[in-house]
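> here is the input, now give the coordinates:
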Amino acid sequence: MIENHLITDRPLVWTALITPLFDDSGIDYVSLRNLVLQQNAAHNGILLLGSTGEGLALTAQEHLSIVQYVCAMTLQVPIMVAVGGYNLNEQLAWIAKCNKLPVKAYLLTSPIYAKPGPVGQAAWFKRLLDAANVPCMLYNVPSRSSVEISFSALQQLQDHKNCWALKEASGDLNKLLAYREHCPNIDLYSGEDAMMPYLASANVKGLVSVCANVWPEATRQYVAMALAHQHEGLFPLWHKAISALFQVSSPIPVKVLMAELNIIGSAKLRLPLCQAELSAQHGLLDIHQQIQQWLVSNSSKPLAQHHTTDYLLSAQTPHPLDLINLRAIKS
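A predicted model of the protein is given here:
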């Protein structure tokens with residue numbers, strides 16, 4: 001019962017899933033199904049239509065079709081859906097559609113291009129939080145939105161019943177620690193795969209990951225070991241691997257590697273992203289072999305289960321990490 005509860009409600013890893021495409025740019029639903037099942041088997045939560053999923057390059061109908069397709073599958077892990085863009089009415093309409101589906105969480109992104117200040121940020125996110133019927137993770141990603149979520153805006157939002165977590169992807173450890181200090185009432189998740197060995201002491205709850213697309217089980221083990229303070233030898237290999245997957249704009253490298261491994265049928269991307277950005281000497285297969293060897297060496301350490309199980313057993317009352325209990329706690 002405990003293990004099942006953890007799998008369904010509180011994954012250590014949320015995989016920012018790619019959107020597999022055919023060479024003609026149509027959505028490859030057979031590959032999508034296989035990818036979802038791989039993440040389910042690894043006990044990783046599934047994030048659909050984020051930047052890794054090329055969400056802004058897909059049509060509104062494609063968004064809905066993808067979410068409906070994945071929601072129709074029988075899974076033991078939760079589904080999170082990205083809400084990103086700049087038109088508030090369109091985002092509210094998207095949430096209204098997803099509210100009718102068995103979606104377990106939303107990822108709310110700062111509006112692109114507009115560069116709102118603290119007042120506008122707080123108002124934007126509040127409207128989205130009010131519209132949602134499930135817990136929401138806010139997304140601080142200044143490299144894409146051109147503006148950070150301000151401390152004052154997040155302080156106003158952190159006690160909203162649907163404000164569950166913050167995905168922090170500034171790449172600045174001091175910024176993450178400052179969010180922890182100023183906004184203690186929401187959970188922190190890293191959006192930077194390579195930083196996990198440094199974040200256990202900051203009480204992060206897990207990782208929203210790109211590399212879990214190609215290494216679902218290994219990434220979960222990596223995160224569990226990082227959170228269990230088993231850091232020895234962890235950073236050099238994973239830093240190298242993650243650097244390889246981000247040598248050009250994501251998800252170009254991860255799609256190329258997955259195609260070369262026949263996990264997906266094509267590395268096709270939608271413009272402005274394109275495979276030609278990546279050098280032929282990308283070295284991704286060598287990195288893949290190293291990660292596979294690392295997983296074999298560390299697969300006997302059941303940290304991914306034990307770390308979270310021990311945490312749950314130590315709790316005396318329902319904890320706000322549990323998505324299923326979040327609304328009751330914050331109401």
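> need the helices for the stretch 101-250 of the chain, in chain order.
All helices of the stretch 101-250 of the chain, identified by DSSP state H, counting those that start in this stretch, fall at 118-131, 142-145, 151-157, 173-182, 216-227, 234-245.
> as TSV, those with mean pLDDT, mean neighbour count and distance to D193 would be great.
From N, CA and C alone the C-beta is placed, and that goes for glycine too. Formatted as TSV, the helices of the stretch 101-250 of the chain follow (pLDDT from 0 to 100; neighbours: other CB atoms under 10 Å; distance: least, CB to CB, whole Å):
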stretch	mean pLDDT	mean neighbour count	distance to D193
helix 118-131	96	18	25
helix 142-145	72	15	14
helix 151-157	94	19	23
helix 173-182	86	15	14
helix 216-227	94	24	8
helix 234-245	91	18	5
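> turn these into a markdown table, including distance to I27.
As requested, the helices of the stretch 101-250 of the chain are exported to a markdown table (distance: least, CB to CB, whole Å):
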| stretch | distance to I27 |
| --- | --- |
| helix 118-131 | 26 |
| helix 142-145 | 23 |
| helix 151-157 | 34 |
| helix 173-182 | 34 |
| helix 216-227 | 21 |
| helix 234-245 | 22 |
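> not counting sequence-adjacent ones, nearest residue to L176?
Excluding the flanking residues, the one nearest L176 by CB to CB, 6 or more residues apart in numbering is E168, at 4.8 Å.
> contacts only, for the one you found.
N140, K175, L176, Y179, L188, Y189, S190, G191, E192 (CB atoms under 8 Å, 6 or more residues apart in numbering).
> let me see the ranges of the strands in the chain.
With strands called from DSSP state E, the chain shows them at 13-16, 45-48, 79-83, 105-109, 136-140, 163-168, 187-190, 206-209.
> hey, which of those strands is tucked in deepest?
strand 13-16 (a mean of 30; mean count of other CB atoms under 10 Å).
> can you list contacts of it?
Contacts to strand 13-16, defined as CB under 8 Å, 6+ apart, come from residues 39, 42, 44-47, 50-53, 80, 189, 206-210, 212-213, 216, 219-220, 223.
> tell me who's in contact with L101.
Counting by CB under 8 Å, 6+ apart, L101 touches V67, Q68, C71.
> equivalent analysis for G191, please.
Y139, N140, V141, K167, E168, A169, L207, V208.
> could I get the contacting residues of the residue nearest to it when sequence neighbours are not counted?
Nearest residue to G191, sequence neighbours excluded (CB to CB, 6+ apart): A169, at 2.9 Å. Counting by CB under 8 Å, 6+ apart, A169 touches Y139, N140, V141, S143, S190, G191, E192, V208.
> okay, the contacts of G191 in CSV with pLDDT and distance to E260 next?
Shown next, in CSV, are the contacts of G191 (pLDDT from 0 to 100; distance: CB to CB, whole Å):
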residue, pLDDT, distance to E260
Y139, 91, 30
N140, 88, 33
V141, 82, 28
K167, 93, 29
E168, 88, 31
A169, 84, 27
L207, 95, 24
V208, 96, 25
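> save those as TSV, and put in distance to L269 too.
Putting these into TSV (distance: CB to CB, whole Å) gives the following:
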residue	distance to L269
Y139	21
N140	25
V141	19
K167	23
E168	26
A169	20
L207	23
V208	20
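> which of those sits closest to I291?
L207 (15.2 Å; CB to CB).
> residues contacting that closest one?
Per CB under 8 Å, 6+ apart, neighbours of L207: L12, V13, W14, Y189, S190, G191, D193, M196, T219, V223.
> how far away is the last one from Q38?
Meaning V223. 16 Å (CB to CB, to the nearest Å).
> in the sheet, who's paired with the residue nearest the centre of the chain?
In the chain, the residue lying closest to the centroid (CA atoms, centre = their mean) is V208, at 2.9 Å. Beta-bridge pairing of V208 under DSSP bridges involves W14.
> hmm, back to that, closest one of the contacts of E168 to L88?
Closest to L88, out of all of the contacts of E168 and judged by CB to CB, is N140, at 19.1 Å.
> surely the closest one is in contact with A165?
No: N140 is not in contact with A165 according to CB atoms under 8 Å; the separation is 11.0 Å.
> quick revisit: closest to I287 out of the strands of the chain?
Among the strands of the chain, strand 206-209 sits nearest to I287 (CB to CB), with 15.4 Å.
> show me which residues of stretch 39-57 are buried.
By neighbour count on 16 or more other CB atoms under 10 Å, the buried set for stretch 39-57 is 39-40, 42-55, 57.
> now, which of these lie within helices?
Mapping the buried residues of stretch 39-57 onto helices (DSSP state H) picks out Q39, N40.
> returning to that earlier point: would you format the strands of the chain as TSV with distance to L128 included?
Output for the strands of the chain, formatted as TSV (distance: least, CB to CB, whole Å):
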stretch	distance to L128
strand 13-16	18
strand 45-48	16
strand 79-83	6
strand 105-109	5
strand 136-140	7
strand 163-168	10
strand 187-190	18
strand 206-209	18
